[in-house]
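**Q** please find the sequence and the predicted model below.
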Amino acid sequence: MVVERKYFQRFTFAEYVEYLKPFVSKVKFSQIHVHGTWKPTIVDYRRAADKMKIIQGMWRFHAITQNWGDIAQHATIDPDGYIWEGRSLLEAPASAVGYNDPDPDRIHPFMFEMIGNFDVGAEKLEGAQLASAVKLTSQIAAMWKLPDSQILFHREMNPAKTCPGSSVNKAAFLELVRDWRDVDMNAADANKIISTWLSPAWFAATTKAEKDEIHRLANELRKSSGQL
């Protein structure tokens with residue numbers, strides 16, 4: 001039975017973490033499955049005037065063409081780093097044959113997709129999108145107490161695939177996840193640094209380059225404290 005989906009909510013990383021919290025007691029994620037869409041591409045996303053239609057197009061292909069009942073993934077990370085909701089977190093994903101754990105016991109993998117074709121020579125996983133993918137992987141692993149061994153790329157479950165893309169190195173990705181996990185910066189401390197030191201420095205800056213660099217540093221603090 002197809003789940004009707006006319007609207008998908010878009011979150012910042014910090015908003016999505018809040019969205020996840022009530023589910024810790026409701027579902028047990030056993031693994032994290034990392035996918036790249038291949039299609040739609042980043043170019044497709046950039047060209048779309050209505051970004052929602054990109055997500056709706058995936059839903060139609062998964063739910064109707066593939067007959068999977070709903071969009072396959074629990075979350076979708078767009079090229080701007082936003083996280084879009086997917087199928088219910090209480091439901092098993094349509095990730096890879098033999099790995100979905102589809103029985104109704106609410107023990108199953110968490111699956112996310114990153115919009116783009118990340119095969120060598122195509123598009124690059126970088127910037128805000130890579131940051132959100134790393135932070136989301138780290139957050140799910142921390143909240144559900146999963147070791148790195150339970151973080152799987154699609155191609156590990158189906159060797160016929162390059163997914164999430166042949167340019168995405170698993171070891172390098174996991175190193176970023178571990179680095180993010182080691183960051184210990186809370187929002188209050190980050191905002192104190194910004195308001196006490198960076199904000200006065202921004203007003204005192206005499207060139208646009210100086211102001212841009214201070215703004216960049218402030219945003220890095222916000223990212224490291226989970227606010228972006």
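**A** Okay, I see it. Residues are numbered from 1 along each chain as shown.
**Q** how about the helices in this structure?
**A** 13-20, 42-47, 52-60, 127-143, 154-157, 170-181, 187-193, 199-204, 208-224 (DSSP state H).
**Q** among those helices, which comes closest to residue 103?
**A** With C-beta to C-beta as the measure, helix 154-157 is the member of the helices of the chain nearest residue 103 (18.0 Å). The C-beta positions use only the backbone N, C-alpha and C, and glycine is treated the same way.
**Q** and of the helices of the chain, who's closest to residue 96?
**A** Comparing the helices of the chain by C-beta to C-beta, helix 154-157 comes nearest, at 3.8 Å.
**Q** mean confidence (pLDDT) on that closest one, please.
**A** Taken as a whole, helix 154-157 has a mean pLDDT of 98.
**Q** got the CA positions of that helix in CSV?
**A** Taking Å, rounded to 0.1, in the frame of the first residue of the first chain, the C-alpha atoms of helix 154-157 are listed here in CSV:
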residue,chain,number,x,y,z
HIS,A,154,25.5,0.8,-0.3
ARG,A,155,28.3,-0.7,-2.4
GLU,A,156,29.3,-2.9,0.6
MET,A,157,25.9,-4.4,0.6
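**Q** please pull out the lowest mean pLDDT helix or strand from this protein.
**A** Within the chain, no helix or strand scores below helix 187-193, which has a mean of 85 by mean pLDDT, DSSP states H and E.
**Q** which residues does the closest residue in space to residue 222 that isn't next to it in sequence contact?
**A** Distances taken as C-beta to C-beta, 6 or more residues apart in numbering put residue 228 closest to residue 222, at 4.6 Å, once the chain neighbours are dropped. Residue 228 is in contact with 12, 13, 14, 81, 219, 222, counting by C-beta atoms under 8 Å, 6 or more residues apart in numbering.
**Q** tell me how far the least confident helix or strand of the chain is from the chain's mean position?
**A** Relative to the chain's own centre, helix 187-193 is displaced by 24 Å; criterion: C-alpha atoms, centre = their mean, to the nearest Å.
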